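Chemist: any chance you can model this:
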Amino acid sequence: MPAVSKGDGMRGLAVFISDIRNCKSKEAEIKRINKELANIRSKFKGDKALDGYSKKKYVCKLLFIFLLGHDIDFGHMEAVNLLSSNKYTEKQIGYLFISVLVNSNSELIRLINNAIKNDLSSRNPTFMCLALHCIANVGSREMAEAFASEIPRILVAGDTMDSVKQSAALCLLRLYKTSPDLVLMGEWTSRVVHLLNDQHMGVVTAAISLITCLSQKNPDEFKTCVSLAVSRLSRIVSSASTDLQDYTYYFVPAPWLSCKLLRLLQCYPPPEDGAVKGRLVECLETILNKAQEPPKSKKVQHSNAKNAILFEAISLIIHYDSEPNLLVRACNQLGQFLQHRETNLRYLALESMCTLASSEFSHEAVKTHIETVINALKTERDVSVRQRAADLLYAMCDRSNAKQIVAEMLSYLETADYSIREEMVLKVAILAEKYAVDYSWYVDTILNLIRIAGDYVSEEVWYRVIQIVINRDDVQGYAAKTVFEALQAPACHENMVKVGGYILGEFGNLIAGDPRSSPLVQFNLLHSKFHLCSVPTRALLLSAYIKFINLFPETKATIQEVLRCDSQIRNSDVELQQRAVEYLKLSSIASTDVLATVLEEMPPFPERESSILAKLKKKKGPGAVSVTELEDGKRESGELNGGGDRGQDAASTPSPSADLLGIRSSAPVSAAPASAGSLLVDVFSEAGPAAPSGAVNDDGFLRFVCKNNGVLFENQLLQIGIKSEYRQNLGRMYLFYGNKTSVQFASFTTTVNCPGELQSHILQSKPVEPLVEGGAQIQQVLNIECLTDFSDAPLLNIKFRYGGALQNLTLKLPVTINKFFQPTEMASQDFFQRWKQLSQPQQEAQKIFKANHGMDTEVIKAKLLGLGMALLDNVDPNPENYVCAGVIQTKSQQVGCLLRLEPNAQAQMYRLTLRCSKDSVSKRLCELLAQQF
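Modeler: Below is the predicted model of the structure:
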């Protein structure tokens, strides 16, 4: 940057600023500013021959006045005139004024753009940088339209100076963020990627910010950056601090660039090239090794830079989730930070370990730190760190440590910060249900939860315990006894009264044989709480009283007396008054048989979704735990809205992609009572018919053409959930096998078969555990690679022994050709031009068919988007029609596809037309899609 000469000191500006600072009041300041504005206005209007210095000085004064909060309505033209000056300081002030005061709608924008073009073409690096800075600061759409095609050329030109390249990269990044549709890289893509090899580290640092942003939106176009990023990272990590002297920060070589490179690699799956992957693993190991070395400086800047790189490396290791050794090492490294004196490091370590706990490779390593995490929960001063500790305990919980973790969470609840108590209550309730080994422990836990944090126990929690008690015969007596004892406390929370009223009203007879809990004692205990409760709870207690009359006829007179009193039958609340009158009349005129029929025991509850889990999903804020639904939240019109709520356990790792309380089923809800031999997971199960042994079951296959998550299969014994993700020609599928019974599955094996043309496709599966405990859930991961187009689906064969009998099941895995779509945005003209090019008869597949479901616009759009193609708006001349475009990525070739769906609402018919560059793909897609609408 040119040095400022002594003549550029602008004494008049310094005097004006001094005068403003010396003003004793706001009025004096305004008076001085108005005087100066009048002077500047007269100078601009009167003297047409102002030199550059004077213009610069007066424009500076206007800028200072604007920064003080006063409106400026003149001087813009003089600032634009400064842009044509050949002096750096004058041009700099002109650009500064424009960046701050000129908005994108200004009439001067064309003049400004012309001045910027002149500077960009001047080849003066200083002037080019000023122009680029101005474009980035304004960042308007008009400027993007004017310069979006020019800046990439400057960026990759061989004769462009390094400082200009840096400014050009960051300017292009700004324009891409504000107007992504105008920044089309196209021919510049490969040359921009190769900036990662630039010798100037500043250029690489600026370019990588641009490439990362572009990669997030268009990963396929920039996938070549992976090998270059690994190569550059390797050079930095293996270098000594003296090798990159200009970019070494407190003995750490290029920390900002290292973090950006690691962040860029998180946009992509692990490298396919073995050499590149090996080099990257070596880099990550080196970073972990350096973290163990003694610090080269005691200054905080050194440790901050070093730890920034370490945490980004750990994030990349977690993102790949494919290197067991690195995952365990990362966990151990984070474990050392759990007791670090720096609060921020403890927070980050806990947060990262929450993610590590979801990996099958590192879950056990995370569990070894349970005592440290519990101690952090008890002793941390910072509430945000305590909250992260609670999140980590929740994530690391499984059957082996559930009782310990739930007990610690309950203990912490008594002193927990009020802002996180409700979320803590939900987590305790979910863990208690999910990992309940016996129902007495579950009931004790929930009642203890109500006692400790009753104000934060939402309706969903106490509803849930009621549902489970009603659905389980073996826990009803224990629940009645426990809640009766809890109600005897002098201070009893209202939620406890609700649970007590409901359970004693249903099952009080199970403990009535004990004189200490005789029918009258139960009634008097409940009624002693009546006057302290709100209206809804009183209504519930009145219902419990009428149930008592059915269960215990000897209490009839006492209860009728209560119902008959004026405070009940003349209550100001209509609901209470109506209940009292109706219950009194019912108990007076109905016979014993009628009462027994009307007031019989509640039937088992069929439930469609876990209300507790739904509540936790809705929680916002920094402490919210991310819970992934395996079933799509949006119900499509053609699906049944059933769903079982189960408390299944991942035998080894409670992955975040695993179901916390079970996979919501889309099988029809069955209201049949749970069998006595079932576990907690069976409370609201929907038992479907078992598939014939050995027969291929494809009932759930078509439901997954336009979605990736849900329940693939379910019968009385087994539930199979699926979650899958695809990128280019690669895919990963998670299968969740849930044992719905109380009996262990032995010799549990799964085999994936690839019939026909699928023989050449790569499906790698990790073996599953041979034993699946009753009520447990295990996970299997399949890695998929699409080598060429296909029509058949892989077959999953499952064999296991249940009660000595061999069970054999074969399912179609929902791997269809459309899973490898990459959406393609196209303008109307491009779409129909391409449509005409694909005009050969064999390239088109068309089908006219009757609508199978309601012709809802949003549902149709959701299914087309779920197909994987880009839904193109304002392309078809008929606005009722839908058009889509996409490219199927296989290893051997790319298949372009165009789709047109024409609905006829009156006839309830569709015409579906597909044109693809390969005829077999057109036919297969047409077959699949015709069954979706």
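Chemist: can you pull the contacts of residue 921?
Modeler: Taking CB atoms under 8 Å, 6 or more residues apart in numbering as the criterion, residue 921 is in contact with 789, 817, 888, 895, 897. Glycine gets a C-beta too; all of them are placed from N, C-alpha and C.
Chemist: neighbours of residue 802, just the number please.
Modeler: Per other CB atoms under 10 Å, the neighbour tally for residue 802 reads 18.
Chemist: from residue 481, how far out is residue 499?
Modeler: Distance of residue 499 to residue 481, given as CB to CB, to the nearest Å: 13 Å.
Chemist: those two: which has the busier surroundings?
Modeler: Counting neighbours by other CB under 10 Å for residue 499 and for residue 481 shows that residue 499 has the greater number, 28 against 18.
Chemist: nearest residue to that one in space, please, no chain neighbours.
Modeler: What sits nearest to residue 499 in space, not counting adjacent residues and going by CB to CB, 6 or more residues apart in numbering, is residue 462, at 5.2 Å.
Chemist: and the pLDDT for that neighbour?
Modeler: On pLDDT, residue 462 comes in at 84.
Chemist: same question for residue 358.
Modeler: As summarised for this prediction, residue 358 has a pLDDT of 82.
Chemist: kindly report the same for residue 26.
Modeler: Residue 26 carries a pLDDT score of 91 in this model.
Chemist: do the same with residue 283
Modeler: What the model reports as pLDDT for residue 283 is 92.
Chemist: quick one on the thing from earlier: quick check, nearest of the contacts of residue 921 to residue 734?
Modeler: For residue 734, the closest of the contacts of residue 921 turns out to be residue 817, at 20.6 Å, with distances computed as CB to CB.
Chemist: would you confirm that the closest one contacts residue 888?
Modeler: Yes: the pair residue 817 and residue 888 qualifies as a contact (CB atoms under 8 Å) at a distance of 6.2 Å.
Chemist: which neighbours do these two share?
Modeler: If you check residue 817 and residue 888 against CB under 8 Å, 6+ apart, the residues they both contact are 789, 921.
Chemist: any idea which element the residue nearest to residue 499 lies in?
Modeler: helix 459-471 (DSSP states H and E).
Chemist: what does the helix or strand following that helix contact?
Modeler: Later in the chain than helix 459-471, the nearest helix or strand by DSSP H and E is helix 473-487. Defining contact as CB under 8 Å, 6+ apart, one finds that helix 473-487 is touched by 439-440, 442-444, 447, 451, 468-470, 492, 496-497, 499-500, 503-504, 506-508, 510-511, 517, 522, 525-526, 529, 676.
Chemist: and if we set it to 7 Å?
Modeler: Helix 473-487 is contacted from outside by 439-440, 443-444, 447, 451, 469, 496, 499-500, 503-504, 507-508, 510-511, 517, 522, 525, 676, using CB atoms under 7 Å, 6 or more residues apart in numbering.
Chemist: tell me how the chain divides into domains.
Modeler: Dividing the chain into domains by the TED database, as the record does, gives the ranges 9-76, 442-613, 698-815, 818-930.
Chemist: save these as CSV, and put in distance to residue 122 too.
Modeler: Rendered in CSV, the data for the domains of the chain read as follows (distance: least, CB to CB, whole Å):
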stretch, distance to residue 122
domain 9-76, 17
domain 442-613, 63
domain 698-815, 43
domain 818-930, 35
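Chemist: could you list the low-pLDDT ranges of the protein?
Modeler: Across the chain, residues meeting the criterion (pLDDT under 70) sit at 1-9, 47-48, 104-106, 241-243, 245, 607-699, 755-765.
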